[in-house]
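Enquirer: quick one: sequence plus predicted model below, questions after.
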Amino acid sequence: MEDCYFENCVFDWVKFQNSTLTNTFFKNNTFKRNRIQFTDCKADRITYEFLKHGKADLTGITLITS
């Protein structure tokens, strides 16, 4: 998923699997535990920080370093 923008969204039982998230913005979203799940995903730094700020469970996300 690339160059996507989610603002003030509510996620109910969404699962991302084997996805690469780049330049994907999650603004003003709060991720309730178990409502959004990441399995074997990769994310760039900016996407990772937006998810972290929204308190998403980052367990299944690997940060892209290059």
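Expert: The structure has been received and is ready for your questions.
Enquirer: please make it C-alpha for all contacts and neighbour counts, starting now.
Expert: Noted.
Enquirer: low-scoring stretches of this structure, by residue?
Expert: Filtered on pLDDT under 70, the chain yields the residue ranges 28-34.
Enquirer: and the residue nearest the centre of it?
Expert: For the chain, L51 is the residue whose C-alpha lies nearest the centre (Cα atoms, centre = their mean; 4.8 Å).
Enquirer: in three-state terms, how would I46 be classified?
Expert: Per DSSP: H, G, I helix; E, B strand; the rest coil, the local secondary structure of I46 is helix.
Enquirer: phi, psi of the residue nearest to it when sequence neighbours are not counted?
Expert: Nearest-residue entry for I46: N23, 6.7 Å, with adjacent residues in sequence omitted and distances by Cα to Cα, 6 or more residues apart in numbering. Main-chain dihedrals, N23, degrees, to the nearest 10: phi 50, psi 40.
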